[in-house]
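> Pasting the sequence and the predicted model now:
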Amino acid sequence: MTSASPRETTEGAVYTVTGGDWDEVARAAAKSDDERIVVNMGPQHPSTHGVLRLILEIDGETVTEARCGIGYLHTGIEKNLEYRTWTQGTTFVTRMDYLTSFFNETAYCLAVEKLLGIEDEVPDRATVIRVLLMELNRLSSHLVAIATGGMELGATTIMIYGFRDRELILDIYELITGLRMNHAYIRPGGLALDLPPGAVDQVREFVKKMKKNLPEYDKLATGNPVFKGRMQDIGYLDLAGCMALGVTGPILRSTGLPHDLRKAQPYCGYETYDFEVPTAETCDAYGRFLIRLEEMRQSLRIVEQCLDRLAPGPVMVADKKIAWPAQLALGPDGLGNSLDHIKNIMGTSMEALIHHFKLVTEGFRVPPGQAYVAVESPKGELGVHVVSDGGTRPFRVHYREPSFTNLQAMAAMCEGAQVADVIVAVASIDPVMGGVDR
Amino acid sequence: MSDAHSDDDKTPKTTADKAAETTADKTAPVKAAPDKTPSEKASDQPPSARTPNGVNPEKDLSASNLPGQRGDQGEEIRVQHGMFGANNGGDTSGYGGLVRSIRLPGEAVRPYGGWFDEVADELEGALEEQDLLPENAITKTVVDRGELTFHIEREHLVRVARTLRDDPALRFELCTGVSGVHYPGDKGRELHAVYHLRSITHNRLIRLEVSAPDADPHVPSLVSVYPTNDWHERETYDFFGIVFDGHPALTRIMMPDDWQGFPQRKDYPLGGIPVEYKGAQIPAPDQRRSYS
């Protein structure tokens, strides 16, 4: 392959990347047997999980080489974070992998809290609500994975089921955070605001309903011969492959290794919750499906334990120099600063006004240094590397996205398989392009 | 994660050690910050005798009341003049004469505490077995906020990583990729590549940090040791321009192939346009006042 050569124009250097490479590929394709062709799948194909481009070289029905083209959804979130305060950061990170918002937010906030050295001061209630939301989020993310995975096989019923149940969870999100997605609810030091009245009842109601609904997936898919025929032994990746490619999450657990950061390196008090880490020995898409189903059951268990633990108390650190003055209330024009809070800062407390003003305009300072915090997102190890230079803005935030890392395994799973199996293999990775490209 | 630093505080120290630490710390008078963890509070040593290792030196607020000051400890990465981002023309803030040095946590001294010493010993031993002097490969070891960081000379990075992966006592079999950081003020070491290695066998996490000057932005590729770094190194190349020598196909991954410049370097502007809101002009995010 020849590399692209620059050509100087009045607008600057222009690189032609299409020329040499594709000519060579086309020539080589013409020389070899007629069946071998290069196919572009995407970047906007209904079964490629967003704007993912798959470049497949196929020989008849067999994929001989598979590559991914990514970057179509790159929004520069990591760069943008360097121009906002530490608190504003959650508004950005929640949009990375938009199906696992609460994991992005929690990981970011845990990292900022580690840099601040206030891990032990985050109130218990805030931590329990974080766990509650993360586990609900695990459910909603796995529901989408199973639903879209089913749809890509042509099983539209399971798609309807999955989105029906996810809707129940989105309703809970909306009640608690005000938004169905992109919540920015978890903040450095705690939460933006406490649970609204009725939230606990609604979550309990949901758990009851979900316990009834979950067996439907078993009935519909687990024993279904067509489903099994499409998924068993497809997207094979063994333990050595997972380790080399850095693959984590359900894909790693489908090789029989019960690696889950909630057990291995507990955060947010996960060591005190009673749950199991399901594994499978099959290394294939079917095993991953079963693991996701079982993880949803385990998440329901954790959600119930969270509800039992919720004790009244603050949801933000006591330190007024860090705690965002988020005394929010629902007014006639939507959610905003509560009138009581405004009365307090404008009429009674000069100090509260100063803190409000300083935190909102300037933000708080974070001591210089770096920290890495990893949480177990539904897709695997979600790591956040945060660097501070002592300022009011992050110096650098890097997300180690499980979708990004796991998607690299696509070639290993697909090469040598049938074209139709590519869809199943990619679906079993469960990549979300918002997370891959960031 | 692990609270190795609290273990560290409990380790008995010899009088000689204490004396050495006291002299080392004399230059930076420290007082105990109120937010100590209980185990640290229980320590019967005077605060000034405490070693900087394991303990977040930030919590020992020094004479300067500004948060984020490290006194003379740590490694200076930048000197900051003024405040509120007022650097063009007349400064009316009154902070124009303020000079602050920005310091990252500095080198730690033994013992590092917890399993950190074990990993450091094993790594040094394993490197010696390969006829590589550890002090040539590991330029600095930093312990901060319960995390262990080895700063590695770039020419020895691949050897160190392979040792960390293959040595049965180390077994860092999972690499979580590379994160680039650009320190324009850290002359001669502007570009940093940061790797986090996880050992599932021993349930540990360490960090490797490699630096390269802006003029020669080359770091050896770790793809031969950790194939997962393929895309991660492409991403870091794309955003920071760090050239990973030995990478099988180092091309841009997020930005278009013909993109000019490296967007996540500090001198690369964020971009954006001013927006009008209720009659007022709101400047683009990178034009707003910064307070840092």
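Thanks, I have the structure now.

> hey, where'd the helices end up in the stretch 151-292 of chain B?
Per DSSP state H, counting those that start in this stretch, the stretch 151-292 of chain B carries helices over the ranges B:157-166, B:229-240.

> same check, this time on the stretch 301-438 of chain A
Using DSSP H, counting those that start in this stretch, helices in the stretch 301-438 of chain A cover A:339-343, A:350-361, A:402-407, A:410-414, A:419-429, A:433-437.

> same check, this time on the stretch 1-150 of chain A
A:19-31, A:77-81, A:89-93, A:101-116, A:124-153.

> Need the mean per-residue confidence for the first one.
Computed over helix A:19-31, the mean pLDDT rounds to 66.

> again, but for the third one
The pLDDT scores in helix A:89-93 average 92.

> Summarise which helices and strands it is packed against.
Secondary-structure packing of helix A:89-93 (3 or more CB pairs under 8 Å, 6 or more residues apart in numbering or on different chains; DSSP states H and E): helix A:77-81, helix A:101-116, strand A:396-400. C-beta here means a position set from N, CA and C on the backbone, and glycine is covered the same way.

> Quick one: residues in contact with it.
Applying CB atoms under 8 Å, 6 or more residues apart in numbering or on different chains, the contact partners of helix A:89-93 are A:77, A:80-81, A:84, A:104-105, A:107-109, A:112, A:182, A:184-188, A:394, A:397, A:399.

> List the residues that contact the most centrally placed residue in chain A.
Nearest to the mean C-alpha position of chain A, by CA atoms, centre = their mean, lies A:T100 at 3.4 Å. Taking CB under 8 Å, 6+ apart as the criterion, A:T100 is in contact with A:137, A:141, A:377-379, A:382, A:432, A:435.

> go on, A:C283?
A:236-239, A:254-255.

> circling back to that earlier point, of the helices of the stretch 301-438 of chain A, which is nearest A:Y217?
In terms of CB to CB, the element of the helices of the stretch 301-438 of chain A nearest to A:Y217 is helix A:419-429, at 15.1 Å.

> Let me know the angle separating that closest one from helix A:124-153.
Per axes from the mean of the first three to the mean of the last three CA atoms, to 10 degrees, the angle that helix A:419-429 makes with helix A:124-153 is 170 degrees.

> Contacts for helix A:419-429, please.
Defining contact as CB under 8 Å, 6+ apart, one finds that helix A:419-429 is touched by A:39, A:41, A:47-49, A:52, A:54, A:56, A:58, A:61-63, A:66, A:145, A:148-149, A:152-153, A:230-231, A:234-235, A:251, A:284-285, A:288-289, A:403, A:406-407, A:409-410, A:413-414, A:417.

> ok, back up a step: who wins for proximity to chain B among the helices and strands packed on helix A:89-93?
Among the helices and strands packed on helix A:89-93, strand A:396-400 comes nearest to chain B, with 3.7 Å by CB to the nearest CB.

> quick one: the residue nearest to the centre of chain A from A:Y399, how far?
For A:T100, the distance to A:Y399 equals 11 Å [CB to CB, to the nearest Å].

> where do the contact lists of these two overlap?
Residues touching both A:T100 and A:Y399 (CB under 8 Å, 6+ apart) are A:382, A:435.

> Quick check: the residue lying closest to A:Q298 once chain neighbours are set aside vs A:E281, distance?
Nearest non-adjacent residue to A:Q298, counting by CB to CB, 6 or more residues apart in numbering or on different chains: A:F275, 4.5 Å away. Remark: distance between A:F275 and A:E281 (CB to CB) = 20 Å.

> Same drill for those two, tell me which one is more crowded.
Neighbour totals were compared for A:F275 and A:E281, and A:F275 leads with 18 against 9 (other CB atoms under 10 Å in any protein chain shown).

> mind checking the SS state of that one?
Under the three-state scheme (DSSP: H, G, I helix; E, B strand; the rest coil), A:F275 adopts coil.

> I figured it hits A:L300, correct?
No: contact criterion CB atoms under 8 Å: A:F275 and A:L300 do not qualify, at 9.6 Å.

> pLDDT below threshold where in the stretch 1-150 of chain B?
Counting by pLDDT under 70, the stretch 1-150 of chain B has low-confidence residues at B:1-73, B:83-93.

> Out of the contacts of helix A:89-93, which end up buried?
Buried members of these, counted by 16 or more other CB atoms under 10 Å in any protein chain shown: A:77, A:80-81, A:84, A:104-105, A:107-109, A:112, A:184-188, A:394, A:397, A:399.

> Same list, the residues you listed, but only the ones touching chain B.
Counting by CB under 8 Å from any CB of the partner chain, A:80, A:84 from those sit close to chain B.

> So for the longest helix along chain B, what gets flagged as buried?
Longest helix in chain B, counting residues (DSSP state H): helix B:116-129. By 16+ other CB under 10 Å, the buried positions in helix B:116-129 come out as B:116-117, B:119-120, B:122-124, B:126-127.

> Redo the residues you listed as TSV? Include distance to chain A.
TSV is the format used below for the buried residues of helix B:116-129 (distance: CB to the nearest CB, whole Å):
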residue	distance to chain A
B:F116	15
B:D117	20
B:V119	16
B:A120	18
B:E122	20
B:L123	19
B:E124	23
B:A126	20
B:L127	23
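
> Mind putting the residues you listed into CSV with distance to B:W259?
Output for those, formatted as CSV (distance: CB to CB, whole Å):
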residue, distance to B:W259
B:F116, 41
B:D117, 45
B:V119, 39
B:A120, 41
B:E122, 43
B:L123, 38
B:E124, 42
B:A126, 41
B:L127, 39
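
> quick one: the closest residue in space to B:H151 that isn't next to it in sequence and A:L175, what's the gap?
The spatially closest residue to B:H151, leaving aside those adjacent along the chain, is B:K140, at 4.0 Å (CB to CB, 6+ apart). For B:K140, the distance to A:L175 equals 50 Å [CB to CB].

> Over to A:P314?
A:P314 is 21 Å from A:L175, by CB to CB.

> Leaving out sequence neighbours, find the closest residue to whatever residue of the stretch 151-292 of chain B ends up closest to chain A.
Of all residues in the stretch 151-292 of chain B, B:T228 sits closest to chain A, at 2.9 Å by CB to the nearest CB. Spatial nearest neighbour of B:T228, chain neighbours left out: A:G246 (2.9 Å); criterion: CB to CB, 6+ apart.

> phi, psi of that neighbour?
In terms of degrees, to the nearest 10, the main-chain angles of A:G246 are phi 70, psi 20.

> Test my guess that it contacts A:T405.
Yes: under the criterion of CB under 8 Å, A:G246 makes contact with A:T405 at 4.8 Å.

> residues shared between the contacts of the two?
Common neighbours of A:G246 and A:T405, counting by CB under 8 Å, 6+ apart, are B:176-177, B:228.

> from these, which has minimum pLDDT?
Confidence-wise, B:G177 trails the rest of these, at 88.

> Could you tell me how many residues sit around the nearest residue to that one once chain neighbours are set aside?
Among residues not flanking B:G177 along the chain, B:H232 sits closest, at 3.4 Å (CB to CB, 6+ apart). Per other CB under 10 Å, the neighbour tally for B:H232 reads 28.

> wait, isn't B:H232 in contact with B:V178?
Yes: assessed by CB under 8 Å, B:H232 is found in contact with B:V178 at 4.8 Å.

> tell me the most buried of the helices of the stretch 151-292 of chain B?
Each of those was assessed for mean neighbour count using mean count of other CB atoms under 10 Å in any protein chain shown. The highest is helix B:229-240, with a mean of 25.

> and it, what other elements does it pack with?
helix A:402-407, strand B:174-182, strand B:191-199, strand B:243-245.

> Sweet, I'm off.
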